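Colleague: Predicted model and sequence below, questions to follow.
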Number of protein chains: 2
Amino acid sequence: MKLPRVVIVGAGFGGIAAVKALTRAPVEVTIVDQHNFHTFSPLLYQVATAGLASEDIAPNLRGIVQRARNVEARMARVHGVDFDRHEVLVDHGVSIPYDYLILAAGAVSSDFGVPGVAEHAVPLKTLADATRVRSTVLRRFEEANTDPSLIEGGTLTFVVAGGGPTGVELCGALGELFTKVLAKDFKNLDVGRGQVVLVEMTDRLLGGFSAASQAEAKLELELRGVDVRLGVPIASVGPDKVELADGTVIPARTTVWAAGVKANPLADALGLAQATRGEIIVSPDLTVPAHPEVFVIGDLAAVQRPGGEPYPQLAPVAMQAGQHVARTIERRARGKRTKPFHYTDKGIMATIGRRSAVAELPFGIRFGGTLGWVSWLGLHLVFLIGFRNRAVVLVNWAWNYVKWDRGNRVILSDPE
Amino acid sequence: MKLPRVVIVGAGFGGIAAVKALTRAPVEVTIVDQHNFHTFSPLLYQVATAGLASEDIAPNLRGIVQRARNVEARMARVHGVDFDRHEVLVDHGVSIPYDYLILAAGAVSSDFGVPGVAEHAVPLKTLADATRVRSTVLRRFEEANTDPSLIEGGTLTFVVAGGGPTGVELCGALGELFTKVLAKDFKNLDVGRGQVVLVEMTDRLLGGFSAASQAEAKLELELRGVDVRLGVPIASVGPDKVELADGTVIPARTTVWAAGVKANPLADALGLAQATRGEIIVSPDLTVPAHPEVFVIGDLAAVQRPGGEPYPQLAPVAMQAGQHVARTIERRARGKRTKPFHYTDKGIMATIGRRSAVAELPFGIRFGGTLGWVSWLGLHLVFLIGFRNRAVVLVNWAWNYVKWDRGNRVILSDPE
């Protein structure tokens, strides 16, 4: 008997959770991603701030599924889906047939139409982005060191757009990088003139966290020298300045755009109903209306659930959804009915810097400071895939902590 | 009193050795490099074969000199030297004045005029090269996996040009990568069709080693499936084939060029006497004739020594020369005479793969196999700069050895 073929598009948190849950199921699985690695995106900001190397947070996809005999990985760009013929369309006119399809292609950075973002800002969403942010930041200090007169023009001013976890974590890490590491590196440069400006359009950081955590994050960032500007949107980004909606002009040659995401453009090519940010609208059981064999999970999905708010775009939501879909496919194979997906909230966390993080568990449990930070470290080590990656990250973290250093401050990418 | 200013051009083995030897001398040192890191080039082949991450072998230059108060690092491209005004000319019309100048800009890959090398071959001389080789190799397997008919056209044939240590080490590591790692990664691809062809124009590998080591290297490579072709030069490299001088055509879409080097093109811009491969001709005390305040060391130098052969292009030669020049500058400051440079042979080593290396010490002491390999590992760990780098490399080596794995098989660079 031929086993049902499951195709998973995307090797993010959702896709990997689905593939892991299917390794013992009576199905044949193909996981397709444009990269040959999984990106552990919560640590991108540490690659961007020279705490880790790119490879440390990018376990090889074939390695992840190496021991699962029923799983094959394919590196390809997915251009579309032929829902009638049950085929995923990839590069070079190749198509991959499926009986069940799990779309988990995630989200990409979105400029929300703000002028100049595409041309002049660097996003922080992919591994290549992280290397580019790191190289750009380090290069700016080299430029200022060569010609300190450039500082007036914003060479050492770094605007981070977006006060979500990515923006907060990046700003905290940049502040520490400047004061603890680069200040020792650059003996003839007043590194104190380096400035990190965090711009958030709402009036609070870390939307979704409690007011206490939001206040703690703001305080901890300010203690690290970050200039936090709340309640003002960015009007435009230029090559050497950022204009805010209130008319303020910040001379800055570097802008990192972490202000938001939209669904992977693949969603636009499918001809399915989409939500505001391009997400594919799915039923409570995560299937696409009229295509019960097609599931959408993670940041690509907008789950319609009666009376409920949309699920937050978090790794745990994607992972639980991946597991749910895997179980659903197994149930279907046995002729059972599908169940709606429910996200079990495990809590949220964000780190601000050395011995500082905020963590919020269900039932109103909240903690911060060193305890939050240690929890954050432990949890991220656990969820990082691969023993080697964990060991290398741990060595780097120990080194960074003990020596107040960032050992990966290597400019790898060429100037734009 | 103003201290003499020493400018060092290049942060390779020679430049770093000089700067370290000058940290306590009564001089002010500026070390200039186009990168913000030192490249530990003996391990480039491991980055290229996914054993290590780029950052693991690229300690930050400012970090290396952070605690030396009399040393400043500058990231800049050097375009020339004004010997009359005693100034090094860098980007943007900036010049750096010197009292003593140490030129240690090293060598670059040379195609020796073989047609097609510049367009179709990848060199393995810089950190960016190593990432590019790795990405290209892994991408070829992905391509063959998608469309096995491509294999006929050379998609899985990798020609390595040059049987020196770089070529030998790369070939051994590629052979092991294919048979031990990729064979497990690609479940539906006959990885055994992957071929490594080492082409060397002379009739032996590892010129400079003893005949016994040369034979051992050849045997060990062949045990790892490498097709070793000696005594035949490459006539041309195309996008999908390599033509040898004897008329043989090897269908191959990937060629790594490790066949030789020439002096950094900076040497051509200086108007000084040069040797056959562009090296600057220097006196036995490593100074440039007519410019006693200018020293040239390492692969950039051709030392004229009566009755002697030129020194080999090895890291230990560059390091000893850097130390010698540092001592010379100190002696000059005290009004003493300079001494000629003598290289103390510490031996040579090359590794072929797992538990296989050849090592040759002075006085005819030679060893290979596991003992050679362990010595090679230990020595390279010792000479790698930085505790963090050593720790991370050690973690990776342990992992690779125990698990027969290569944890960094991440395709980072875009296709050409």
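Modeller: All right, it came through fine. Residues are numbered from 1 along each chain as shown, chains lettered A, B, ... in the order given.
Colleague: Just want the phi and psi numbers for the closest residue to A:A259 other than its chain neighbours.
Modeller: The shortest distance from A:A259 to any non-neighbouring residue, by Cβ to Cβ, 6 or more residues apart in numbering or on different chains, is to A:G162 (3.5 Å). Where C-beta positions appear, they are placed from N, C-alpha and C, glycine not excepted. When read as degrees, to the nearest 10, the backbone of A:G162 gives phi 110, psi 120.
Colleague: Next, the contact list for A:G162, please.
Modeller: A:199-200, A:257-260 (Cβ atoms under 8 Å, 6 or more residues apart in numbering or on different chains).
Colleague: mind checking how far it is from chain B?
Modeller: 25 Å (Cβ to the nearest Cβ, to the nearest Å).
Colleague: For A:V358, see how far away that residue is.
Modeller: For A:G162, the distance to A:V358 (Cβ to Cβ, to the nearest Å) stands at 17 Å.
Colleague: Could you do A:V256 as well?
Modeller: In this view, A:V256 and A:V358 are 21 Å apart by Cβ to Cβ.
Colleague: Repeat that for A:N264.
Modeller: Separation of A:N264 from A:V358 (Cβ to Cβ): 29 Å.
Colleague: repeat for A:A183
Modeller: A:A183 sits at a distance of 26 Å from A:V358 (criterion: Cβ to Cβ).
Colleague: same check, this time on A:G208
Modeller: For A:G208 relative to A:V358 (Cβ to Cβ), the value is 11 Å.
Colleague: Comparing those two, which shows the higher neighbour count?
Modeller: Set A:G208 next to A:V358 and count neighbours by other Cβ atoms under 10 Å in any protein chain shown: A:V358 wins out with 29 against 15.
Colleague: host element of that one?
Modeller: With secondary structure defined by DSSP states H and E, A:V358 is part of strand A:356-360.
Colleague: contacts for that strand?
Modeller: Strand A:356-360 is contacted by residues A:172, A:206, A:209-210, A:213, A:216-217, A:220, A:347-352, A:366-373, A:375-376 when judged by Cβ under 8 Å, 6+ apart.
Colleague: what's the answer for stretch A:372-382, then?
Modeller: A:40, A:42-43, A:349-351, A:354-359, A:367, A:390, A:393-394, A:397.
Colleague: Stretch A:255-263 too?
Modeller: A:48, A:105, A:107-112, A:114, A:117, A:120-125, A:133, A:158-162, A:164, A:166-167, A:170, A:201, A:234, A:237, A:242, A:274, A:277-280, A:299-300, A:313.
Colleague: change it to 6 Å
Modeller: Residues from elsewhere that reach stretch A:255-263, judged by Cβ atoms under 6 Å, 6 or more residues apart in numbering or on different chains: A:107, A:109-110, A:117, A:121-124, A:133, A:159-162, A:166-167, A:237, A:242, A:277-279, A:300.
Colleague: of the residues you listed, buried ones?
Modeller: A:107, A:109-110, A:117, A:121-124, A:133, A:159-162, A:166-167, A:237, A:242, A:277-279, A:300 (16 or more other Cβ atoms under 10 Å in any protein chain shown).
Colleague: The residues you listed in helices, which ones?
Modeller: Here DSSP state H is the test, and the buried ones among the contacts of stretch A:255-263 give A:117, A:133, A:166-167 as lying in helices.
Colleague: Could you restrict the residues you listed to the ones contacting chain B?
Modeller: Applying Cβ under 6 Å from any Cβ of the partner chain, the subset of these adjacent to chain B is empty.
Colleague: Next, work out how far apart A:F367 and chain B are.
Modeller: A:F367 is 30 Å from chain B, by Cβ to the nearest Cβ.
Colleague: what's near enough to touch that residue?
Modeller: A:F367 makes contact with A:A359 under the criterion Cβ under 6 Å, 6+ apart.
Colleague: any idea how far it is from B:N36?
Modeller: 38 Å.
Colleague: what's the answer for A:G298, then?
Modeller: A:G298 sits 37 Å away from B:N36, going by Cβ to Cβ.
Colleague: quick one, which of those two is more surrounded?
Modeller: Ranked by neighbour count (other Cβ under 10 Å), A:G298 and B:N36 place A:G298 first, with 32 against 24.
Colleague: what's the pLDDT at that one?
Modeller: Note on A:G298: pLDDT of 98.
Colleague: before we move on, what about A:G364?
Modeller: 88.
Colleague: how many neighbours does it have?
Modeller: A:G364 has 7 nearby residues by other Cβ under 10 Å.
Colleague: SS state for it?
Modeller: Secondary structure, DSSP: H, G, I helix; E, B strand; the rest coil: A:G364 is coil.
Colleague: What of A:P42?
Modeller: helix.
Colleague: just the one 5 residues further on next, same as before
Modeller: When the structure is split into helix, strand and coil by three-state DSSP, A:V47 lands in helix.
Colleague: A:K184 contacts B:R67, correct?
Modeller: No. Applying Cβ atoms under 6 Å, one finds A:K184 not in contact with B:R67, separated by 8.6 Å.
Colleague: So for these two, which sits in the more crowded spot?
Modeller: A:K184 (15 against 9).
Colleague: I'd like to know how many residues surround the closest residue to that one other than its chain neighbours.
Modeller: Nearest residue to A:K184, sequence neighbours excluded (Cβ to Cβ, 6+ apart): B:Q66, at 5.3 Å. Residues lying near B:Q66 (other Cβ under 10 Å) number 17.
Colleague: so B:Q66, which of the three states?
Modeller: Assigned by three-state DSSP, the conformation of B:Q66 is coil.
Colleague: what's the distance between it and B:T146?
Modeller: Distance from B:Q66 to B:T146, by Cβ to Cβ: 47 Å.
Colleague: same check, this time on A:T30
Modeller: Distance of A:T30 to B:T146, given as Cβ to Cβ: 12 Å.
Colleague: Ok, A:E55 next?
Modeller: Note on A:E55: its distance to B:T146, by Cβ to Cβ, is 23 Å.
Colleague: still on that earlier bit, which ones among the contacts of strand A:356-360 map onto strands?
Modeller: Counted as lying in strands by DSSP state E, out of these, are A:348-352, A:366-367.
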